[in-house]
Structures are given as C-alpha cells and as structure tokens.
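Chemist: fold the following, please.
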Amino acid sequence: MTGREGGAKGPLAGGLVPALPQGSLDVLCPMHLVLDAAGQVVHAGPTLRRLRPGQVLTGRPFEDLFEVQRPQLPAGMAALLDQAGTRLHLRLRDHPRTGLKAVLVPLAPDDAGRRGAVVNLSFGISIDEALRDYSLHSNDFAPTDLAIEMLYLTEAKLAVLDSWKDLNQRLQGAKIAAEEQAYTDTLTGLKNRRAMDHVLARLIRAGEPFALMHLDLDWFKAVNDSHGHAAGDHVLQHVARALVDETRGEDTVARIGGDEFVLLFPHLLRRARIEEIAQRLIARLEKPILFGTAVCRVSCSMGTTLSSFYAAPRADVMLADADAALYASKKMGRAQHCFFRPRAEAG
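Modeler: Sure, this is the predicted structure:
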C-alpha cells in the first residue's frame, strides 16, 4: 500500500479535501474512495483496502475496479460526475464480485477547473455475503452505519442457530435413546416383545421369506429356586450372548418373556440350515454356567415355523404355530427342536 493510502495524519492527497483530515474521513466513511479529475483512485478507505488486501488501489482507474450496473453509464469521469448524489449499483470486477451501493459527491474544482470526487460505498443487501467472504468486524464500519446493527443481528442469528442445532441434536439423541429403551430388554440388551412385533410386522408387510423360532429355557425355574434370582439373571444374560453369537447380524433376537425368546431369520427357509442352528444352540446352552461358586444348568426347547407355510402370513398365527411346535419339543423330552407341521404335511 502506498503512503497516500496508508497515512492518516494530513489532508487528503493533492489537497482535494483540505478542510477534512484524511483520518477523519477514514473514520466517518471507511468504505470511501477519493478520485482525481481523471477518475483515478488517490485514496481508499481502510475497509475497502481490506476487501482487496493483496492489491494497491491507488493510481488505478475507478472503472478498472468497479463495474457500474445501474444506471448504465458511458465511460469516463464526466459521466460519473453527472450522477452526483444519485445511488449507484456497483460490482467489484474481480472475485469475489461483491455487490455494492455507492453515492458520489464532487469535490471543489482545482485551479484548472477540474473536479475530483468522493465516492462512499456500502454493502447494502450484500452484507451477509461480505461478512462471509471478508471476515469483517464492527471496527470495519462507521459507528453510525446500520451495517453494525446487521452485523449484531447476524451474529445473534448465528448464535441462536447454533443453540437451536445443539438443542435439536440433544433432543434427537434423547429421542433415539428413548426409542431404543422402549424397544430394548434392559436385562439382556436384546430386543423386547414390542420390537419383535414391529420387525415381524415389517417382514410380513414386505412379503419377505423368513423363519420364526420360539425358544424356551428348560429347567430355568430350578436355577432361580436353587441359586436365587441374581443367578437367574446371570443365566439369561449368558443365554442372550449365546443367541447373538450363533445368529447373523440381520437376524432378530428378542426376549419376549421371563425365559422365552423369539428369533427371526429373514430370507432363511432351508430346514437343514435352521436345524443346524437349533442343534448348535442346544449344545451350547447345555454347558454349565458358573455364577460365583454355583453351577447353573439349563437347556432349551425350540419350535420353528416358516413364512412359506402360509398363503398370507399373520403374526398371531405364526407365533401360535411356533409355540405349538415348541411344546411338541418339550413333550419329546426337552432339549429338542421341532418344525411346525402344516395340515397338509400332518395329513
């Protein structure tokens, strides 16, 4: 920046405004330009210099820096002087091409009768764009400039938006947590009956093939009676981990009662594969479970029905049929797995 732009102690360069010190004009109109009679910049206010920090503005023609959009003007200083006192709509020629409003005031003629001018500029409705592009602060505006109020409003709006976003995120988090709690069995971390009903209804509605397995623990009551409910809770948590370990990520494992579980297997109808899963679960759950010094022993009985057994599957019917197959397993001596037998197969 040249000395003529940077100085703030003496009159404006060339004696164009001898009655008003340059520093005072910089305070009152920090976005002003002083043009000589040829239309070249002899001084730029501090805020204008911040818009183009890598450029020297002095000595450059006004028309090289700004495009006058309204009104349409011919080139030259005379055309600008003819618009004295009227609002000009400008745009910076290089990027960012910020829109500006301006008003021009002629200076007193020099000894040769030539006139320069002072051009005062503002951002107008481009203030938000300017704040974003140039990181301006309140000190970059005249104390009486309404842009200061806009700056405060913008900062307040951003603060409110940030607070709203933070509150909304916390509310969403609380909502998700509440929904997860509403669909989760708190003891085992599995899905609960409500969640299972929701998934089952979705599978039926989508027309997807699936298997529904009902599992009930054998001899669980003896664990509670012999070792207490804390031991029973420990066993249930052990069983839950085993069920999750032996199923796929897309499968649903739900605890629907005290020692009752439902497993949903989307896109699985192969009986041999389902029987393999059932036998693996029986073998795993028959292993002794330690609770402190106590040894807890349980097993499981299971019944499975397939969506392919039904022309139009219904949740209540499928649950009842899987339950019937489960009790058939218990009648066979427990630690068994049975498929539901539709009437066509039973006949």
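
Chemist: where does pLDDT dip in the stretch 1-150 of the chain?
Modeler: For the stretch 1-150 of the chain, the stretches flagged by pLDDT under 70 are 1-20, 147-150.

Chemist: helices of the protein, start to end?
Modeler: 3-6, 22-28, 46-51, 62-65, 77-82, 127-134, 146-182, 193-206, 220-227, 229-245, 271-285, 315-331, 343-346 (DSSP state H).

Chemist: wait, which of those is closest to L264?
Modeler: The closest approach between L264 and any of those, judged by Cβ to Cβ, belongs to helix 193-206 at 5.9 Å. Quick note: C-beta positions are derived from backbone N, CA and C, even for glycine.

Chemist: tell me the contacts of R115?
Modeler: Going by Cβ atoms under 8 Å, 6 or more residues apart in numbering, R115 touches A37, L81, P106, L107, A108, P109.

Chemist: how close does R132 sit to V199?
Modeler: 47 Å (Cβ to Cβ, to the nearest Å).

Chemist: the two: which is more packed in?
Modeler: More crowded of R132 and V199, by other Cβ atoms under 10 Å: V199, with 18 against 11.

Chemist: ok, for that one, nearest residue in space, not its chain neighbours?
Modeler: T252 (4.8 Å; Cβ to Cβ, 6 or more residues apart in numbering).

Chemist: pairing partners for that neighbour in the sheet, please.
Modeler: For T252, the beta-bridge assignment (DSSP bridges) gives partners L264.

Chemist: check contacts around L51.
Modeler: Contacts of L51 (Cβ under 8 Å, 6+ apart): L92, T98, Y134.

Chemist: how far away is the first one from E275?
Modeler: Note on L92: its distance to E275, by Cβ to Cβ, is 77 Å.

Chemist: and the second one, by the same measure?
Modeler: Taken as Cβ to Cβ, the spacing of T98 relative to E275 amounts to 74 Å.

Chemist: repeat for the last one
Modeler: In this view, Y134 and E275 are 72 Å apart by Cβ to Cβ.

Chemist: what is the neighbour count of N224?
Modeler: Residues lying near N224 (other Cβ under 10 Å) number 17.

Chemist: oh, I was asking about R114
Modeler: Around R114 there are 12 residues (other Cβ under 10 Å).

Chemist: pretty sure it sits against A78.
Modeler: No. If you go by Cβ atoms under 8 Å, R114 and A78 don't touch, sitting 10.6 Å apart.

Chemist: which residues touch the residue nearest to V199?
Modeler: Contacts of T252 by Cβ under 8 Å, 6+ apart are K191, A195, M196, V199, V262, L263, L264.
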